[in-house]
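Undergrad: got a sequence here, can you build the structure:
(chains A and B)
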There are 2 protein chains.
Amino acid sequence: MTREFLYDQIKSKGSYLCVGLDTDPANIPAHLADHPDAVFEFNKAIIDATLDHCVSYKINTAFYEALGSKGWEIMERTFAYIPSTHFKIADAKRGDIGNTSSRYAKAFFEIMGADAITVAPYMGEDSIRPFLEYEDKWTIVLGLTSNVGARDFEMQPSGDILMYERVISTVSTWGSPDHLMFVIGATQASEFTNIRKICPEHFFLVPGVGAQGGSLRDISEKAMIKDCGILVNASRAIIYASEEEDFAVEARAIAKQYQYEMGSYL
Amino acid sequence: MTREFLYDQIKSKGSYLCVGLDTDPANIPAHLADHPDAVFEFNKAIIDATLDHCVSYKINTAFYEALGSKGWEIMERTFAYIPSTHFKIADAKRGDIGNTSSRYAKAFFEIMGADAITVAPYMGEDSIRPFLEYEDKWTIVLGLTSNVGARDFEMQPSGDILMYERVISTVSTWGSPDHLMFVIGATQASEFTNIRKICPEHFFLVPGVGAQGGSLRDISEKAMIKDCGILVNASRAIIYASEEEDFAVEARAIAKQYQYEMGSYL
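TA: The predicted structure is shown next:
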């Protein structure tokens, strides 16, 4: 998916919402839980219900891997079910030596049909390069994450800057803003103005609103650029909006609320 | 697997070899390539042939994910096929917020039956903690990797030390040497003496001998401790020792050479 196409979707919907499909069988409403294909049916219902209000879906690979090979297969079918109008992110946090990263790129870009994959930067350029080599696919590198553990290494000094600043400023030279993004956690709003200075043109994928407590207004005011430049993800706040039979209706209502608020910032 | 059991295996075999099953269908010998279950049959033959000469197998998840859900299922069967005498490593380089890392831990420790998983440290303590909570399972955190990209962030200054030194010294306080290891690349032999000073008791998983060019002698002289404390991985050098029908025989011969050399250092 091109940056132009993504921005067209954002403009036409007035939304930069990404819905996170962190589907856990333990949280599937009772009336669906006994379905032989419960996780896929749940995802399908969430996608159908939220489609008009978001521009992206993010599939957290961990939740599917925890179901074994059947989970991997559900992940494949879920990616296939998401319409091509929506930006499909494999939230996989992969990254290894080049020879191995090229297999992860194949797995997610070619087999799984994702538009984008999240990648961990620790191992450096040759661990990220194989993902960047795919035209029309996106690499989303961890910058400053939403969790408390961000303090342990990301926010440690590295020369006269911080580690995450080094990561963002270095990695941003490896790929153009047309196919490279950064993960910046919504809980790190105080850093957003600074981060925008370091990379004024790249999109940010921003998890951490909703269950993790980040503020949509804060992020939007500090990080938005002329073609939006942010995708904000909410997972649990949307997909588990209700534990009852009306879960999809409630998911849609929450997605619509985000869309409404986002529309006012665009 | 306990540290005592692992060391007993190392002593009794005179080997601290880990065989890396980075199996690529493109490299499977012609006579096997058309088999409907070629990757598993190849793995089975390699395991049968090398079992007496190694103490561990490392499965690189990328190579299986590149085959889609069928690959994930082959990975499950391969883990199940490895005897419980051998230390089974999922080389998965996972790591995410705690809520997600706990799913990866479940996927690999409970469903896949691995003894150990490799984990990326970038996101800090809560991304690693869920793995450490499993008793008798091992978390193997990236320290200093074997690839050239190690220079980009791992070897950058962090205060008055280097980033990888900060990672090793910090993470080593989170888990005991009885269930926490570090990945230290064999190509970084000049750093081994220093790293041993930072963490004198933890095991190191050392990839990068063979195809990547690291020296077994160097590593062993600099990093070995009283209960060995190193597992040295070779992947391509063993599993692709021959492209012919004798691939398993040749794999065994190479594994035996490593065992012979390792025996002299123990």
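
Undergrad: phi, psi of the spatially closest residue to residue A:258 that is not a sequence neighbour?
TA: Distance criterion CB to CB, 6 or more residues apart in numbering or on different chains; nearest residue to residue A:258, sequence neighbours excluded, is residue A:17 at 4.8 Å. For every residue, glycine as well, the C-beta is placed using N, CA and C. Main-chain torsions, residue A:17, degrees, to the nearest 10: phi -90, psi 140.

Undergrad: who does residue A:17 form a beta bridge with?
TA: residue A:232 (DSSP bridges).

Undergrad: state the number of residues packed around it.
TA: Neighbour count for residue A:17, taken as other CB atoms under 10 Å in any protein chain shown: 28.

Undergrad: quick one: contacts for it?
TA: By CB atoms under 8 Å, 6 or more residues apart in numbering or on different chains, the residues touching residue A:17 are A:53-56, A:231-234, A:255, A:258-259, A:262.

Undergrad: residue A:30: which of those is nearest?
TA: Nearest to residue A:30 among those: residue A:255, at 22.6 Å, using CB to CB.

Undergrad: my guess is that closest one contacts residue A:19, does it?
TA: Yes. Using CB atoms under 8 Å as the test, residue A:255 is close enough to residue A:19 to be in contact (6.4 Å).

Undergrad: identify the contacts common to those two.
TA: Going by CB under 8 Å, 6+ apart, residues that sit against residue A:255 and also against residue A:19 are A:50, A:54, A:238.

Undergrad: and chain B, which of those residues contact it?
TA: Among the shared contacts of residue A:255 and residue A:19, proximity to chain B is found for none (CB under 8 Å from any CB of the partner chain).

Undergrad: relative to residue A:2, which of those is nearest.
TA: Among these, and counting by CB to CB, the member closest to residue A:2 is residue A:54, at 18.5 Å.

Undergrad: hang on, the earlier thing: mind checking which of the shared contacts of residue A:255 and residue A:19 land in helices?
TA: A:50, A:238 (DSSP state H).

Undergrad: now restrict the shared contacts of residue A:255 and residue A:19 to buried residues only.
TA: A:50, A:54, A:238 (16 or more other CB atoms under 10 Å in any protein chain shown).

Undergrad: just the residues you listed now: which is nearest chain B?
TA: residue A:238 (15.5 Å; CB to the nearest CB).

Undergrad: ok, that closest one - contacts?
TA: A:19-20, A:46, A:50, A:210, A:251, A:254-255, A:258.

Undergrad: show me where pLDDT drops low in the stretch 51-200 of chain A?
TA: Along the stretch 51-200 of chain A, the model assigns pLDDT under 70 to no residue.

Undergrad: how about the helices of it, start to end?
TA: Using DSSP state H, counting those that start in this stretch, the helices of the stretch 51-200 of chain A run over residues A:61-65, A:69-81, A:98-105, A:125-132, A:163-171, A:192-198.

Undergrad: what would those look like in a markdown table with mean neighbour count?
TA: What follows is these, written out as a markdown table (neighbours: other CB atoms under 10 Å in any protein chain shown):
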| stretch | mean neighbour count |
| --- | --- |
| helix A:61-65 | 26 |
| helix A:69-81 | 20 |
| helix A:98-105 | 22 |
| helix A:125-132 | 22 |
| helix A:163-171 | 22 |
| helix A:192-198 | 17 |
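
Undergrad: so for residue B:60, which of those helices sits nearest?
TA: Across the helices of the stretch 51-200 of chain A, closest to residue B:60 is helix A:98-105 (CB to CB), at 6.0 Å.

Undergrad: do that closest one and chain B meet?
TA: Yes. If you take CB under 8 Å from any CB as the test, helix A:98-105 does meet chain B, through A:98, A:100-101, A:103-104.

Undergrad: tell me the one of the residues you listed nearest chain B?
TA: residue A:103 (3.7 Å).

Undergrad: once you drop chain neighbours, what's closest to the closest one?
TA: Per CB to CB, 6+ apart, closest to residue A:103 is residue B:62, 3.7 Å.

Undergrad: tell me if I'm right that residue A:243 and residue A:27 touch.
TA: Yes. With contact defined as CB under 8 Å, residue A:243 reaches residue A:27; the gap is 7.3 Å.

Undergrad: enumerate every residue touching the residue nearest to the spatial centre of chain A.
TA: Centroid-nearest residue in chain A: residue A:58, 4.8 Å away (criterion: CA atoms, centre = their mean). Residue A:58 makes contact with A:18-21, A:89, A:91, A:205, A:207, A:233, A:235, according to CB under 8 Å, 6+ apart.

Undergrad: again, but for residue A:218
TA: Residue A:218 touches A:186, A:189, A:192, counting by CB under 8 Å, 6+ apart.

Undergrad: in CSV: the residues you listed, plus distance to chain B.
TA: Output for the contacts of residue A:218, formatted as CSV (distance: CB to the nearest CB, whole Å):
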residue, distance to chain B
A:186, 12
A:189, 17
A:192, 19
